[in-house]
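J.: Kindly return the folded structure for what I paste below:
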Amino acid sequence: LLSTTLVAVGVSGLKWEVPPGREECFYHPLDQGSTVVVQYQVISGGIRDIDFTVYAPNRDVLHSNLGTTGDNVAFFPSHTGEHRLCFGNKMSTWTEKVVDVHISANTKHSDLPPEDPLELSVWQLRKSIDAIRDGQAHYKARERLQRDLAESTCQWTLMWGLWEAGLVLFLSFVQIIRLKLMFEAGSLHNMRSSLWTKVLQLQRSVSSLANGPGGTRATRSRPLFWG
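T.: Modelled structure (predicted):
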């Protein structure tokens, strides 16, 4: 279990790498009664699922999400102190997960609009800037997720194309070998047939010579003895 202290005021963001089979946490100081919004998005790794849990300083569980790819989590701390935010990748055996995290913490007093007109304008401007920054962080995380997905798709497409090309080359080689063997077998058969024809012709020639020029077997005349 790896823990890291993150000291930040207002909006903070980080890119978190969670090894397979591990749970990694970081600490964030929060005030009682404040409003905390955590935006997280798994941008790479497997099917992009991760566990997210928030622990209070007294180790109570304030929020828990299991097996999600991303979410916007809002909670209200009941104690002042460092809260522990943990990302768990225990369901994965081989794949590391990369999580984009953005935290927005506003105290109870900072959410109340001031009475002075100038301070009210500054307060409204700050709220607008925070909203724009949160939106930019969200769209940036989504853009990174889509880019990683597109790169992964291109990589798989390239590997599939190479595998298909290798399969076609292998089948072509097998077909060439088969055709070569077929032609060699046909040549051998023709050679055997020609040899057998020549043998039959030789036998016929020998038979013709043995039967004589007339085509009939010559017989030797024997003297007749009369008694």
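J.: helices and strands around the helix or strand hosting residue 54, which ones?
T.: When secondary structure is defined by DSSP states H and E, residue 54 falls within strand 50-55. With contacts defined as 3 or more CB pairs under 8 Å, 6 or more residues apart in numbering; DSSP states H and E, the secondary structure elements packing on strand 50-55 are strand 35-44, strand 61-68, strand 70-75, strand 81-88. Just so you know, the C-beta spots here come from the backbone N, C-alpha and C atoms, and that holds for glycine as well.
J.: Mind putting the ones you listed into TSV with mean pLDDT?
T.: Supplementary listing: those in TSV, determined by pLDDT from 0 to 100:
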stretch	mean pLDDT
strand 35-44	86
strand 61-68	88
strand 70-75	86
strand 81-88	91
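J.: Need the nearest residue in space to residue 104, chain neighbours excluded.
T.: Setting aside the residues directly before and after it, residue 104 is nearest to residue 37 in space (CB to CB, 6 or more residues apart in numbering), at 4.5 Å.
J.: actually residue 72, sorry about that
T.: For residue 72, ignoring the flanking residues on the chain, the nearest one in space by CB to CB, 6+ apart is residue 39 at 5.2 Å.
J.: show me what contacts that neighbour?
T.: Residue 39 is in contact with 70, 71, 72, 73, 101, 102, 103, 104, 134, 137, 138, 141, counting by CB atoms under 8 Å, 6 or more residues apart in numbering.
J.: Look up how far residue 145 lies from it.
T.: Taking CB to CB, to the nearest Å as the criterion, residue 39 is separated from residue 145 by 13 Å.
J.: quick one: the helix or strand in which residue 169 is found to strand 70-75, angle?
T.: Residue 169 is part of helix 117-211 when elements are defined by DSSP H and E. Helix 117-211 and strand 70-75 are oriented at 150 degrees to each other (axes from the mean of the first three to the mean of the last three CA atoms, to 10 degrees).
J.: Make residue 1 into 125 and carry on from there
T.: Sure, I'll start counting at 125 from here, so that last one is helix 241-335.
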